[in-house]
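Novice: Got a sequence here, can you build the structure:
(2 chains)
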Protein chains: 2
Amino acid sequence: MKKETQGITVKKENLVDWYSEVVQKAELADYAPIKGFMIIRPNAYSIWQNIQDYFNKVLEKKGVRNAYFPLLIPESFFKKEAKHAEGFNPELAYIKNTDEGEKLALRPTSETIMYDSYSKWIRSWRDLPLKINQWCNVIRWEVKQTKPFLRTREFLWQEGHCVFSTENEAEENMNEMAEEYKKMVEEILAIPVLIGKKSEGEKFAGAQTTMTIESLMPDGKALQMGTSHNLGQNFAKAFNVKFKDQNEKEQYGWQTSWGFSTRLIGALTMVHGDDKGLVLPPKIAHNKLVIIPILFDKTSEKVLKKSKEIEKKLAKFNPIADYRTDYSPGWKYHEWEMKGIPLRIEIGPNDLAKKQVVIVRRDTNEKISVPEKNIEKEVPKLLDEIQKNLFNKAKKFLDSRIDKAETLKELKEKIKLGKIVKAYFIDDGKTEDYIKEATEGSTSRLIEFSKTAGICIHTGQKTNTIGYFSKSY
Amino acid sequence: MKKETQGITVKKENLVDWYSEVVQKAELADYAPIKGFMIIRPNAYSIWQNIQDYFNKVLEKKGVRNAYFPLLIPESFFKKEAKHAEGFNPELAYIKNTDEGEKLALRPTSETIMYDSYSKWIRSWRDLPLKINQWCNVIRWEVKQTKPFLRTREFLWQEGHCVFSTENEAEENMNEMAEEYKKMVEEILAIPVLIGKKSEGEKFAGAQTTMTIESLMPDGKALQMGTSHNLGQNFAKAFNVKFKDQNEKEQYGWQTSWGFSTRLIGALTMVHGDDKGLVLPPKIAHNKLVIIPILFDKTSEKVLKKSKEIEKKLAKFNPIADYRTDYSPGWKYHEWEMKGIPLRIEIGPNDLAKKQVVIVRRDTNEKISVPEKNIEKEVPKLLDEIQKNLFNKAKKFLDSRIDKAETLKELKEKIKLGKIVKAYFIDDGKTEDYIKEATEGSTSRLIEFSKTAGICIHTGQKTNTIGYFSKSY
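Specialist: As a prediction, this is how the structure comes out:
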């Protein structure tokens, strides 16, 4: 036991402190020497890589191809689409000492530089649809307080950018990609989300319509986990993205863009973690189990041999084999629990005698004795159960926190309880601004259109729009 | 035939113009709106992704884990290791308008920012070896003329950074990674390389020893395709990367770094391309074949049906199925030849009758009639042959261009012939500087130590060092 005290010292109910301790001690991220930046450590990067692997398959299926566009964007590009310019202006960082005349910004998102190329590449309807994605780093010079994964000045993401010849295709693409996001997040990250449109005030700078997926964190704040935009012809007109249709007539293209980021890793941590640390859903965990032999002098050789046999049998689950002799089994249990490994397999001399192993679930702490011959069947079954259990627990929480309000007072009270509160409102920007102020910063995370009209909680007017209001990250 | 004239208009012997035309027309890259930057288009990015997939497996096997460090690095970090500072200073770009006191540079390479973290993460011999890699963009503000893939102000690369507790391990790691680079480049890119040490003048800024892999381009200029450095304790001392050894004594770590970049795509293009355009080695090609049906009104339905059958049979080779009716087969042949697809399968009514298809090799233009029932066996065999043929052709070229010289005059003449010329020289920096000037810019691409001594072509002194001199990219 040569190492310092380990383990998480803060309860999860104290979410802010708990989060920074888990991020550090599970070695997900570290603070960078520059304010607002983070270092994504291997334990977190492997999550990102699994997400990339999953999503690259989705992209291939959808006919979207990966590419890479420059980090630097001429300042003038941002000015071409007025709302986009307004939305991103405060967050831009520029480089200096260049030999160019013009100021060059570090990309906060790549609509402008990509569509400049699209305008050259697209000539005819035959060139459409054009579907390109890029995985890259982006820089947004946030002034709000930063937090690893959730809000940093640099983060990693994917951004897809498509051009279609009809408005319908663009609308469809926006919807299908939002659905793919929901599917991915629910299936592999085990995080249930709400899906819907953004209000006028919350939609992307330059978009006609924005779809979002949102989940609720344990502190009652919503987290936006991915957005998909129908850009209409706004950018096409600003960047001259035109094509000749089948009648040789020139038309503007219809565009979409959609993205998610390393923020997902922050969500994952907050939603599933517990007082012991990180809890990884098996589908996103690179190492799905850890093997810990219980070593005593007399039997250690036999136990090690058996452990290695089992390690080999379970190779496809990328087991961590912790055979170190200068740490006690107890120390190791804590270590790998803190790091969120879904299953722990303990093998001691008694197990050897009984031809069994002990398997411990990270999510429930349940200890299960499994005959050695069943282990290859039992492990995937248990992993599957953990995956489902984590999703169901999170779903129950989310469902329990969705409520509704008929007055502003009721809305305020329920938001204070950490709920997502449904309320009728007029989606004209002003009303949402008012609610935001009245509720100390809550916004509509998404909206839906109800068949039956209701009364706007602010203006008292009739409306079919329901907003899902809450605080958010 | 609705499209403009296509095809490459320049012969490969005119390499500079040919290269830019192929890069553009095969849609590998496009010029960016900012000087010296490039857009990596999907046809090139898919090559990069295949390289990543291959190399991520190598990394996993070697116990190296991926991570991500910030894009921005405090200026002071560069000053900590004197030679590193001197080497990179002219290429640094900085951001402005920050709220930090200090100037922040865009990373040209990440030794400094990574080792700052390493100094915090490493405490004991138990934390070693530490092996981390990152895939990222880097910025080097080149002042020389830029060229897509070969020299641009931004490029993509991987950089591996390891710390060991002994000098031996670091030396071994440097060597084994250089060998892995050689293996990768030869096996999947089919480019034969020379491997060896860099001279004092050519080694990495801050390294003790640099290993390099180099190939020869058709114009007789060498291209460095990857380097691996033994950093000794230079950076460890500058960044305080220390560990307590098993006797509780504090020691500096021994470090390595190694990297290759999207430059490999430029090499691939130049080495294998021909007058018709790009030629992709099958192992790096995402789409290993294209299926082109020969459609006539009466038989088109049957031919299309058969084409789709074959497409399905060959699905694992990611076939491009070009069923467009507004382009002639001839047009399509040219198009996919230009883009380098290894095999073309033609299916016409006559083939249907004979229960065969015609397969055309991109590398040799050979047309082969293959009975339909043999096609699944024949395709991988042909792909394998193409891969080998491309490597052998390139190897023959490289071997034919290696020569030696005993005088400076001879060296000059042979370099003018586009050769890599071996010559004895004193590796003290000054001698190489002299040779560089005398040969209008040639340098030693790598060096080797001969058992028998020879006479330095400049100083006339005895030496065991042989340099491989040539012009280079």
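Novice: Share the number of residues neighbouring residue A:177, please.
Specialist: Burial of residue A:177 is recorded as 26 neighbouring residues (other C-beta atoms under 10 Å in any protein chain shown). All C-beta atoms are positioned from the backbone trio N, CA, C, and that covers glycine.
Novice: thought it was touching residue A:259?
Specialist: No. Taking contacts as C-beta atoms under 8 Å, residue A:177 lies outside contact range of residue A:259: 9.4 Å.
Novice: Return the residues in contact with the nearest residue to residue A:413 once chain neighbours are set aside.
Specialist: Closest residue to residue A:413 apart from its sequence neighbours, by C-beta to C-beta, 6 or more residues apart in numbering or on different chains: residue A:405 at 8.0 Å. By C-beta atoms under 8 Å, 6 or more residues apart in numbering or on different chains, residue A:405 lies in contact with A:411, A:413-414, A:421-423, A:457, A:469.
Novice: While we're on residue A:405, how confident is the model there?
Specialist: Model confidence at residue A:405, given as pLDDT, is 97.
Novice: Equivalent analysis for residue A:5, please.
Specialist: At residue A:5, the pLDDT value in this model is 56.
Novice: What of residue A:198?
Specialist: 98.
Novice: Give me the neighbour count for it.
Specialist: Residue A:198: 23 neighbours (other C-beta under 10 Å).
Novice: From chain B, how far out is it?
Specialist: For residue A:198, the distance to chain B equals 29 Å [C-beta to the nearest C-beta, to the nearest Å].
Novice: just to revisit the earlier point, now that we have the contacts of residue A:405, which of them are buried?
Specialist: A:411, A:414, A:421-423, A:457, A:469 (16 or more other C-beta atoms under 10 Å in any protein chain shown).
Novice: The stretch 251-400 of chain A against chain B: which residues are in contact?
Specialist: residue A:326 (C-beta under 8 Å from any C-beta of the partner chain).
Novice: Spell out which helix or strand contains the residue in the stretch 251-400 of chain A positioned nearest to chain B, please.
Specialist: Nearest residue of the stretch 251-400 of chain A to chain B: residue A:326, at 7.4 Å (C-beta to the nearest C-beta). When elements are assigned from DSSP states H and E, residue A:326 belongs to no helix and no strand.
Novice: Quickly check the buried ones among the contacts of residue A:405 for the two that are furthest apart.
Specialist: For the buried ones among the contacts of residue A:405, with distances taken as C-beta to C-beta, the pair at the greatest spread is A:414 and A:457 (11.7 Å).
Novice: Out of the buried ones among the contacts of residue A:405, list just those in strands.
Specialist: A:421-423, A:469 (DSSP state E).
Novice: Can you tell me which of the residues you listed is closest to chain B?
Specialist: Nearest to chain B among those, with distances taken as C-beta to the nearest C-beta, is residue A:469, at 32.7 Å.
Novice: What's opposite the closest one in the beta bridge?
Specialist: Taking DSSP bridges as the rule, residue A:469 bridges to residue A:421, residue A:444.
Novice: same thing with residue A:224?
Specialist: residue A:214.
Novice: Provide a list of residues in contact with it.
Specialist: Going by C-beta under 8 Å, 6+ apart, residue A:224 touches A:212-214, A:263, A:445, A:472-473.
Novice: show me what contacts residue A:156?
Specialist: A:40, A:48, A:135-138, A:261-262, B:68.
Novice: Let's see that with 7 Å instead.
Specialist: A:48, A:137, A:261-262, B:68 (C-beta atoms under 7 Å, 6 or more residues apart in numbering or on different chains).
Novice: Double-check that it belongs to a strand.
Specialist: Yes. Counting by DSSP: H, G, I helix; E, B strand; the rest coil, residue A:156 falls inside a strand.
Novice: That one pairs with what?
Specialist: residue A:137.
Novice: where in the stretch 251-400 of chain A is pLDDT low?
Specialist: Counting by pLDDT under 70, not a single residue of the stretch 251-400 of chain A qualifies.
Novice: Next, show the common contact partners of residue A:177 and residue A:259.
Specialist: Common contacts of residue A:177 and residue A:259 (C-beta under 7 Å, 6+ apart): residue A:160.
Novice: about what we covered before: same list, the contacts of residue A:156, but as a markdown table with distance to residue A:356, secondary structure and neighbour count please.
Specialist: Listed next are the contacts of residue A:156 as a markdown table, based on distance: C-beta to C-beta, whole Å; DSSP: H, G, I helix; E, B strand; the rest coil; neighbours: other C-beta atoms under 10 Å in any protein chain shown:
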| residue | distance to residue A:356 | secondary structure | neighbour count |
| --- | --- | --- | --- |
| A:48 | 37 | helix | 21 |
| A:137 | 48 | strand | 17 |
| A:261 | 44 | strand | 20 |
| A:262 | 41 | coil | 24 |
| B:68 | 41 | strand | 24 |
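Novice: quick one: which of those residues is nearest residue A:223?
Specialist: Closest to residue A:223, out of all of these and judged by C-beta to C-beta, is residue A:261, at 11.3 Å.
Novice: At which residues are the strands of the stretch 251-400 of chain A located?
Specialist: A:254-261, A:289-293, A:320-321, A:343-347, A:356-361, A:367-371 (DSSP state E, counting those that start in this stretch).
Novice: The closest residue to residue A:360 other than its chain neighbours and residue A:465, how far apart?
Specialist: Of all residues not flanking residue A:360 in the chain, residue A:344 sits nearest, at 4.4 Å (C-beta to C-beta, 6+ apart). Per C-beta to C-beta, to the nearest Å, residue A:344 is found 49 Å from residue A:465.
Novice: Repeat that for residue A:72.
Specialist: From residue A:72 to residue A:465 the distance is 40 Å (C-beta to C-beta).
Novice: Which positions in stretch A:205-217 come out as buried?
Specialist: Under 16+ other C-beta under 10 Å, the buried positions of stretch A:205-217 are A:205-217.
Novice: Farthest-apart pair in those residues, please.
Specialist: Among the buried residues of stretch A:205-217, A:208 and A:217 lie farthest apart (C-beta to C-beta), at 29.3 Å.
Novice: Phi, psi for the residue of chain A most remote from its centre please.
Specialist: Distance from the centre of chain A peaks at residue A:298, with 48.5 Å (C-alpha atoms, centre = their mean). Note on residue A:298: backbone dihedrals following degrees, to the nearest 10 are phi -70, psi -30.
Novice: Same check on residue A:21?
Specialist: Dihedral angles (degrees, to the nearest 10) for residue A:21: phi -70, psi -40.
Novice: What separation do you get for it and residue A:336?
Specialist: Going from residue A:21 to residue A:336 by C-beta to C-beta gives 17 Å.
Novice: what number of residues lie near residue A:366?
Specialist: Neighbours of residue A:366 (other C-beta under 10 Å): 12.
Novice: What of residue A:79?
Specialist: Counted with other C-beta under 10 Å, residue A:79 comes out at 14.
Novice: which non-adjacent residue is nearest it?
Specialist: residue A:85 (5.0 Å).
Novice: C-terminal to the strand or helix carrying the one you found, which secondary structure element comes first?
Specialist: According to DSSP H and E, residue A:85 maps onto helix A:82-88. Per DSSP H and E, helix A:82-88 leads on to strand A:94-96 as the next helix or strand towards the C-terminus.
Novice: by contact count, what packs against the following helix or strand past that following strand?
Specialist: Tracing the chain past strand A:94-96, the next element assigned as helix or strand by DSSP H and E is strand A:104-106. Using 3 or more C-beta pairs under 7 Å, 6 or more residues apart in numbering or on different chains; DSSP states H and E, the elements in contact with strand A:104-106 are strand A:72-74, strand A:94-96.
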